[in-house]
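Student: Sharing a model that was predicted from the sequence below.
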Amino acid sequence: MRTQVMASGPIGTAGGRVAAAVPAVIRTMTGAALAAALAAAAPPAAAAEAVAPATVLKDTPYLTVGDRALHLDAYIHPDAPRAPGPVLIHFHGGGWARGARPASWTGFRPYVDAGFSVVTVEYRLAGEAPAPAAVQDARCALHWVGANAARLGFDRDRIVVSGTSAGGHLALMAGLLPAANAIDLDTCRDAPRAAAILDFYGPVDLTAMQPGSDRLHPTVANWIDAAPDARALARRMSPVEWLTAAAPPVFIAHGDADPVVPVAQSADLKRRLDALGVANDFFTVRGGGHGKFDPASQAALTARAIAFLCAQRLPAAAACKN
C-alpha cells in the first residue's frame, strides 16, 4: 500500500492550547497465565506480507505553550480507515533533559505488524521547562490522540502508552494519573484512559533513585529544578504515588545490570501492582544494562510485551491466536 505523508498547518500561539483536530483534507500528503498469553501471540503479520503505515503525519502540532508548539508524528495503520484500531503512544528517554522522538516508525515494526498505529511525541525538556512540564505534555499527547481518534481510525478503548527510561516514567504518569488531578493543563483535561502501559526501565520512585541517600539523584534534581519543595514535587512526580487498584495493566522490562535506573525500581513497581491486584508482567533482561539489549533479548522482550497486550485483547485479532 502506498504511504501518504501529511503535513499539518500551523496552530495559534495562545498559551497552553491544544492543537486543533487534523484537517479532513491535507494534500501530499508470570505463571500459567503468562504461558497462555505467550502461546496466544501469533507470528507477525509481516511474515506473510510486509505491513507499513498507510498514512504518516509528520511534525503535527498537538499543543502550544506560549509561542512554543510541540509536535508529534503519527503513523496510521492501513486497517485504521476501515475499522478503529489500537494505537501505541511512545515517549523517548534521555533523563527528561535530552533526546528526541524517533525519526521513523521502523523501530515499532512488531507493533505495526500487530495492528497498531504509532504516535511518537516531542515534549519539553528540562532545560526549557522543569517538572511537571514533561508530564503535562505527555497527558496532552494522550488527550490529542483521544480527540482525533474518530478522524484517524484510533480506538479510544485501545490506547497503549509506552516509553523507555524517562519516557517509561512519562508513560506511567500519563497512564496512571486519574481524570481529576492538579497536574493536567486545563486544555488537556478529560484525556482518555490508557488501556495498558509499557514501561521499559523507567524510574518509578524519584525520591529513591539513590538508595541510602536523602538527596535527589542529580538527573532527577535537574528536572525538578530548584523548587523549594523539590522532594515533595519529586514524590508527586513519582508513578508509585498514583497507583490504585484501578490502574491499567502494566508491562515492565528492565536489565538486571542497569547502571542508570536501578532494577529495584521496577521490582518495587511489580510488588505494588501485585498487592493491588493490577494485571502486570515483569521481564528481566539477564545481564542487560540500560537498554541497548542484545538482539536476542530485545526480540524476546518484544514478543513478551505483545503477548501481554494480547492477554488484554488489545492488538488486532489476527495478531493473537484464539
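Tutor: Looks like it came in fine. Nothing here was measured: the structure is a model prediction, and the numbers come from that model.

Student: could you pull out the strands for this protein?
Tutor: For the chain, the strands defined by DSSP state E occupy 4-7, 17-18, 55-65, 68-76, 85-91, 117-121, 154-164, 196-200, 250-255, 280-285.

Student: Could you identify which of those has the lowest mean pLDDT?
Tutor: The weakest mean pLDDT among these belongs to strand 4-7, with a mean of 45.

Student: Please look at Thr60 and Tyr75 and confirm they touch.
Tutor: No. Under the criterion of Cβ atoms under 8 Å, Thr60 is not in contact with Tyr75, lying 11.1 Å apart. (Each C-beta comes from the backbone N, C-alpha and C, glycine too.)

Student: State the distance from the residue nearest the centre of the chain to Gly168.
Tutor: Closest residue to the average C-alpha location of the chain: Ser162 at 2.3 Å, with Cα atoms, centre = their mean. Plainly put, Ser162 is 8 Å away from Gly168 if you go by Cβ to Cβ, to the nearest Å.

Student: again, but for Arg139
Tutor: Taken as Cβ to Cβ, the span from Arg139 to Gly168 is 15 Å.

Student: More neighbours: these two, which one.
Tutor: Higher neighbour count among Arg139 and Gly168: Gly168, with 30 against 25, using other Cβ atoms under 10 Å.

Student: Please identify the nearest residue in space to that one, excluding sequence neighbours.
Tutor: Leaving aside its chain neighbours, Gly168 sits nearest to Gly202 (2.2 Å; criterion: Cβ to Cβ, 6 or more residues apart in numbering).

Student: Reformat the strands of the chain as a markdown table; add distance to Pro211.
Tutor: Converted to a markdown table, the strands of the chain look like this (distance: least, Cβ to Cβ, whole Å):
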| stretch | distance to Pro211 |
| --- | --- |
| strand 4-7 | 47 |
| strand 17-18 | 39 |
| strand 55-65 | 35 |
| strand 68-76 | 34 |
| strand 85-91 | 26 |
| strand 117-121 | 31 |
| strand 154-164 | 22 |
| strand 196-200 | 20 |
| strand 250-255 | 16 |
| strand 280-285 | 19 |
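
Student: Of all these, which one comes closest to Cys320?
Tutor: Cys320 sits nearest to strand 85-91 of all those, at 11.3 Å, using Cβ to Cβ.

Student: Show me what the closest one packs onto, helices and strands only.
Tutor: strand 117-121, helix 133-147, strand 154-164, helix 166-176 (3 or more Cβ pairs under 8 Å, 6 or more residues apart in numbering; DSSP states H and E).

Student: in its sheet, what does the first one sit against?
Tutor: For strand 117-121, sheet partners with direction are given as strand 68-76 (antiparallel), strand 85-91 (parallel), following DSSP bridges.

Student: now, of the ones you listed, which is deepest in the fold?
Tutor: Sort the strands paired with strand 117-121 by mean neighbour count, taking mean count of other Cβ atoms under 10 Å, and strand 85-91 sits at the top with a mean of 27.

Student: That strand versus strand 196-200: what angle between them?
Tutor: Interaxial angle, strand 85-91 versus strand 196-200 (axes from the mean of the first three to the mean of the last three Cα atoms, to 10 degrees): 30 degrees.

Student: how big is the angle separating strand 85-91 from helix 166-176?
Tutor: 130 degrees.

Student: Kindly export strand 85-91 (C-alpha atoms) in PDB.
Tutor: The C-alpha trace of strand 85-91 is given here as PDB (Å, rounded to 0.1, in the frame of the first residue of the first chain):
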ATOM      1  CA  GLY A  85      -7.700   0.000  15.700                       C
ATOM      2  CA  PRO A  86      -5.200   0.100  18.600                       C
ATOM      3  CA  VAL A  87      -2.700   2.900  18.900                       C
ATOM      4  CA  LEU A  88       0.700   3.000  20.700                       C
ATOM      5  CA  ILE A  89       1.900   6.400  22.000                       C
ATOM      6  CA  HIS A  90       5.600   6.400  22.600                       C
ATOM      7  CA  PHE A  91       7.800   8.800  24.700                       C
END
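
Student: Asn222 is in contact with Ala131, isn't it?
Tutor: No. The pair Asn222 / Ala131 is not scored as a contact, 9.9 Å apart, by Cβ under 8 Å.

Student: Those two: who's more crowded?
Tutor: When Asn222 and Ala131 are compared for neighbours, Ala131 comes out ahead with 22 against 16, by other Cβ under 10 Å.

Student: how near is the more buried one to Ile183?
Tutor: As defined by Cβ to Cβ, Ala131 lies at a distance of 10 Å from Ile183.
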